[in-house]
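Enquirer: Just the structure for this:
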Amino acid sequence: MDPETKEIAIIGAGLAGLCLALALGQQNIACTVYESRSASLNIGGAIMLSPNSLRILDDLEVYECIREKGFNFDYVEYRDVEANTIEKHEFGSYEKHGYKALRIYRSIVIDAFLTKLAKRNIPVVYGMKFKCIVTEAEDGVIWESADGSQHSASMLVGADGIHSTVRDYLYSGLTPAFSGIAIIGAKLPAMQLKLTPGFHLPVTLMSKRGAFIIAPQDVHCTEVMIGKQKRFEDPGIAGWDAVEADKQSMVDFLQKEAQGFPEIIHNAVSIIPTENIAIWPFYTVPRLERWSSPQYRIIIVGDAAHAIPPPAGQGTNQAYEDVYMFALLLAQAKKADIRKALNFWQSYRQGRIGAIMALTNQINLRRMPKEEGKEDEQLEDFNLDWLYSVDLKEVVDDWICT
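Expert: Presented below is the predicted three-dimensional model:
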């Protein structure tokens, strides 16, 4: 396949889709991003970016645009009910990995992507909703948008999230599974916590009743997110609107759960404006047999292929790994068979996703209330050099040379 003969269509202008467009552009592969909404997705709160994805953003010349616009940190502290530090888990390090971890508003990263894409004349088309695949052949794909118009592309990539419409072409009727856990969180001014000098953020405060998480939201730590996980019966996709609408119940949950926690938590939940509170249910996608269609012209990436719950902070990071490695391999299409390349891509990526899901499950269990008589356990082997120090260019080059 010659990726330069016809452009690639990217469905979804979220973090994964925009990063993919920039990575393809770096490889001189033509692409267009299509977004169903009428404007960029500058919604949502802060995300956590770790060295494995910051290395990618650095190569795409985005990192320096955002580095000073978020909160840089090395580790997360775990503290007990008396606020004593019991563990420190590394999330970044200049010395070891070349980057600190970065917690930053999603909108800042999206704006940085859009600025870079505009400079490189890579188009983003808004108000164009993907409807279905019309035909797929050896030399490309024809797809239809909701307005009835048809479009052709050499490949079509679904970067359209956990409830992906593109994925329906590969797996008709597949429904993401609710994990039974959601996090209820609220944005608060940091001064409300009345932090003592030297108190480290981010922090997870542990008790048998579960854990409270406190994380900075902005570069100067003037705003924080405080949250706690809760078990739920699955209300169904539509049912979450009713749960989300009952803001006072979520406020009551956080305030009630503050019992037995240090004063910092009592301060945090003392005032929670209902407009500042939200809920994030954890959904997952089962391990999929393939991320590519039989003709290898339809691809899914990010949450469409593997939704990762947020406790390990790797959802966005792994989406960036997906698309960056995909672009590197596609650029080598003249040197390696694209089918073999995409099979290698999926196999390699699923190996990392599996390890991250295991880590996520460990963290999930730690944050939930403990059964009577059971003590909290430390995480198994929290040395994450394998996660943070990956060099995907080297991985691809090694595969090409074999």
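
Enquirer: starting at the chain centroid, how far to stretch 295-312?
Expert: From the chain centre to the centre of stretch 295-312 is a distance of 10 Å (CA atoms, centre = their mean, to the nearest Å).

Enquirer: All further residue positions should be reported with the first residue as 14.
Expert: Right, with 14 as the first residue, what we last looked at is stretch 308-325.

Enquirer: Give the buried residues for that stretch.
Expert: Within stretch 308-325, the residues scored as buried using 16 or more other CB atoms under 10 Å are 309-325. In this view, the C-beta of every residue, glycine as well, is placed from N, C-alpha and C.

Enquirer: export that stretch as PDB, just CAs?
Expert: The C-alpha coordinates for stretch 308-325 follow below in PDB (Å, rounded to 0.1, in the frame of the first residue of the first chain):
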ATOM      1  CA  GLN A 308      -9.100  -6.000   4.300                       C
ATOM      2  CA  TYR A 309      -7.100  -3.900   6.900                       C
ATOM      3  CA  ARG A 310      -8.700  -0.700   5.700                       C
ATOM      4  CA  ILE A 311     -10.800   0.000   8.800                       C
ATOM      5  CA  ILE A 312      -8.800   0.500  12.000                       C
ATOM      6  CA  ILE A 313      -9.900   1.300  15.600                       C
ATOM      7  CA  VAL A 314      -7.600   3.000  18.200                       C
ATOM      8  CA  GLY A 315      -7.700   4.300  21.700                       C
ATOM      9  CA  ASP A 316     -10.900   3.800  23.700                       C
ATOM     10  CA  ALA A 317     -12.700   2.300  20.600                       C
ATOM     11  CA  ALA A 318     -10.200  -0.600  20.800                       C
ATOM     12  CA  HIS A 319      -9.400  -0.800  24.500                       C
ATOM     13  CA  ALA A 320     -11.100   1.400  27.100                       C
ATOM     14  CA  ILE A 321      -8.900   1.600  30.200                       C
ATOM     15  CA  PRO A 322     -10.500   2.800  33.500                       C
ATOM     16  CA  PRO A 323      -8.700   5.900  34.900                       C
ATOM     17  CA  PRO A 324      -7.100   4.700  38.200                       C
ATOM     18  CA  ALA A 325      -3.600   4.100  36.700                       C
END
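
Enquirer: all helices for the chain, in order.
Expert: Remark: helices assigned in the chain by DSSP state H are 28-39, 64-72, 76-79, 107-110, 119-132, 180-183, 252-258, 260-270, 276-282, 328-344, 351-380, 398-401, 405-414.

Enquirer: Next, format these as a markdown table and append mean pLDDT.
Expert: As requested, those are exported to a markdown table (pLDDT from 0 to 100):
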| stretch | mean pLDDT |
| --- | --- |
| helix 28-39 | 98 |
| helix 64-72 | 98 |
| helix 76-79 | 98 |
| helix 107-110 | 94 |
| helix 119-132 | 96 |
| helix 180-183 | 97 |
| helix 252-258 | 93 |
| helix 260-270 | 96 |
| helix 276-282 | 96 |
| helix 328-344 | 97 |
| helix 351-380 | 91 |
| helix 398-401 | 94 |
| helix 405-414 | 95 |
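
Enquirer: Now render the ones you listed as JSON lines, adding distance to residue 229 and mean neighbour count.
Expert: Shown next, in JSON lines, are the helices of the chain (distance: least, CB to CB, whole Å; neighbours: other CB atoms under 10 Å):
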{"stretch": "helix 28-39", "distance to residue 229": "19", "mean neighbour count": "26"}
{"stretch": "helix 64-72", "distance to residue 229": "17", "mean neighbour count": "23"}
{"stretch": "helix 76-79", "distance to residue 229": "15", "mean neighbour count": "16"}
{"stretch": "helix 107-110", "distance to residue 229": "18", "mean neighbour count": "13"}
{"stretch": "helix 119-132", "distance to residue 229": "14", "mean neighbour count": "18"}
{"stretch": "helix 180-183", "distance to residue 229": "34", "mean neighbour count": "20"}
{"stretch": "helix 252-258", "distance to residue 229": "24", "mean neighbour count": "13"}
{"stretch": "helix 260-270", "distance to residue 229": "18", "mean neighbour count": "16"}
{"stretch": "helix 276-282", "distance to residue 229": "13", "mean neighbour count": "19"}
{"stretch": "helix 328-344", "distance to residue 229": "17", "mean neighbour count": "24"}
{"stretch": "helix 351-380", "distance to residue 229": "19", "mean neighbour count": "17"}
{"stretch": "helix 398-401", "distance to residue 229": "20", "mean neighbour count": "17"}
{"stretch": "helix 405-414", "distance to residue 229": "28", "mean neighbour count": "15"}
